[in-house]
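**Student:** I'll drop the sequence and a predicted model, then ask my questions.
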Amino acid sequence: MMLPDKKFTDFIGQNSLFERNGTLLAAVSGGMDSVLMVHLLLSSGYKFAVAHCNFQLRGHEANADQAFCKQLAQQCNVPFHTINFDTQNFATINKISIQMAARDLRYQWFEQIRQQHNYTAIALAHHQNDAIETILLNLVRGTGIAGLHGILPKNGWLVRPMLFLSRQEIEKLVADNNYLYVEDSSNASVKYARNMLRHEVVPALKKLNPGLEKTFENNLQHFRDLETLLELRIAELKTQLFSYRDGDVLIAIDVVKALNPQRLLLFKLLQDFGFNETAIDNLIAALNKHSGRVLESDGFRLIVDRDNLIIAAKNKAEQPDVSITAEDHAINYGDYKLTVLHDDTPLIIKDNPLAVSVDADKLSYPLTIRAWQRSDSFRPLGMKTKKKLSDFFIGQKMPLHQKSQVPLLINGNGEIIWVGGARLDDRYKVTKNTKKVTIFELYKVR
């Protein structure tokens, strides 16, 4: 059976996934989905490399998968990248599940390889049934509109060119073309929620609707369009309704009462301040009563005043400083997790404000991550003179309540290395003389 090259290239073009003249990094597990993606990329004339992660969780089976993927790359005459992770240890240290550990490790590594080799994008082999399972999981666990769009064809550097195919179509194409692949034995276990949906729930739904994949494909497009409309409306409302006074946000109560649909729009307007749906219900109930009602989220206080809703940052207890040794790979600090990766390549991080490359030879351990102090100053990237951090924040138009939440990475000599998520100090940038780099990346954990 011939491969659906035209449908493949049409889907890539319609969703603007990547340019024909670029080189992709294809994430390949060795399973039938990723194996078919490799053959489609090859037969359609795209340039690509293969990347495979060995999480060292299945002994000889994992090593065999790794060897298979290397052989596949050799057969296709494309570059091959692979890495072995101590996933169990990473999960234990960071107090996260094995599944979450594997996800964090692989996506961090994929991005590192993409930047090192200037790959156009990272291609993942998710298909229509993966999207269905994701929506069902979100519905079971509780979700808003964003959780209904399923897996997006493109999310930053991550692209999914196989979303036009169902699992049944993939199985037929692989069988008809006699493609070899490997099977992860853990996929058969229903102890994982996604596997239970795959093996038990989705087959039952297909008895009710044999065209389930096509139905969900249409639904997904409707949900994505609705989400886009809602986000555009919320952005417009924030511009119209939000006013600012001494770092507080004010919203006129008369305008709030006129919102329609009130509950949905209020929730989306206040979501960034940490107010959940229960708080929104309590707020709506208080709108027509006496002023003075106070609602609280983790970081903010919402006051129902006479004419306005007033959103003010709480005076949080100061976050204690956290020390970082040369052996640390992940550190928790307030609402963030900071990961540390050492590399021998003079890599410069671009297009990701929450990640930065630093000249490793200029670091003096232990480092420290802490909140800002009024006396702080640093040399912003591109500048030759120092600037007060308070003046830098003003230039960035940063609200008062956010300043104390910005994590600062401090060298052992007391100098600021990085204003987390905002600016690197010029003294620590990667240059042509850099031999080794250390990559720091921040993740919001709550």
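**Tutor:** Thanks, I have the structure now. Numbers count the residues shown, from 1 in each chain.
**Student:** Can you pull out the low-pLDDT segments for the stretch 151-300 of the chain?
**Tutor:** Residues of the stretch 151-300 of the chain meeting the criterion pLDDT under 70: 184-194, 246, 290-291.
**Student:** which residues in it form helices?
**Tutor:** Using DSSP state H, counting those that start in this stretch, the helices of the stretch 151-300 of the chain run over 167-176, 193-196, 202-208, 212-241, 253-258, 262-270, 277-286.
**Student:** okay if I get those as JSON lines plus mean neighbour count?
**Tutor:** To be clear about C-beta, it is placed using only N, CA and C from the backbone, and glycine gets the same treatment. As requested, these are arranged in JSON lines below (neighbours: other Cβ atoms under 10 Å):
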{"stretch": "helix 167-176", "mean neighbour count": "16"}
{"stretch": "helix 193-196", "mean neighbour count": "15"}
{"stretch": "helix 202-208", "mean neighbour count": "12"}
{"stretch": "helix 212-241", "mean neighbour count": "14"}
{"stretch": "helix 253-258", "mean neighbour count": "13"}
{"stretch": "helix 262-270", "mean neighbour count": "19"}
{"stretch": "helix 277-286", "mean neighbour count": "15"}
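**Student:** shaky segments in the stretch 1-150 of the chain?
**Tutor:** Applying pLDDT under 70 to the stretch 1-150 of the chain flags residues 1, 142-150.
**Student:** Any idea which of the helices of the stretch 151-300 of the chain gets closest to Gln112?
**Tutor:** The closest of the helices of the stretch 151-300 of the chain to Gln112 is helix 193-196. By Cβ to Cβ, the value is 26.4 Å.
**Student:** separation between the closest residue in space to Asn282 that isn't next to it in sequence and Ser323?
**Tutor:** Distances taken as Cβ to Cβ, 6 or more residues apart in numbering place Leu295 nearest to Asn282, at 5.9 Å, with adjacent residues excluded. Using Cβ to Cβ, to the nearest Å, we find Leu295 at a distance of 37 Å from Ser323.
**Student:** can you check Ile135 too?
**Tutor:** Computed as Cβ to Cβ, the Ile135 to Ser323 distance reads 43 Å.
**Student:** Compare the two (neighbour count), which wins?
**Tutor:** Counted by other Cβ atoms under 10 Å, Ile135 and Ser323 do not tie: Ile135 has more neighbours, with 20 against 14.
**Student:** does that one sit in a helix, a strand or a coil?
**Tutor:** With DSSP: H, G, I helix; E, B strand; the rest coil as the basis, Ile135 sits in helix.
**Student:** and if you look at the one 5 residues further on?
**Tutor:** The three-state assignment at Val140 reads helix, by three-state DSSP.
**Student:** neighbours of it, just the number please.
**Tutor:** That count, for Val140 with other Cβ under 10 Å as the rule, works out to 11.
**Student:** cool, Gln71 as well?
**Tutor:** 13.
**Student:** cool, and the one 4 residues further on?
**Tutor:** By other Cβ under 10 Å, the residues close to Gln75 number 11.
**Student:** mind listing the helices in the stretch 1-150 of the chain by residue range?
**Tutor:** Under the criterion DSSP H, counting those that start in this stretch, the stretch 1-150 of the chain contains helices at 5-14, 32-43, 60-76, 87-94, 98-117, 128-141.
**Student:** quick revisit: and the residue nearest to Asn282, how far is that from Leu232?
**Tutor:** In terms of Cβ to Cβ, Leu295 sits 27 Å off from Leu232.
**Student:** Of all the helices of the stretch 151-300 of the chain, which one is nearest Ala49?
**Tutor:** For these, the distance to Ala49 is smallest for helix 167-176, at 21.6 Å, taking Cβ to Cβ.
**Student:** Which secondary structure elements does the closest one sit against?
**Tutor:** On a contact count with 3 or more Cβ pairs under 8 Å, 6 or more residues apart in numbering; DSSP states H and E, helix 167-176 meets helix 32-43.
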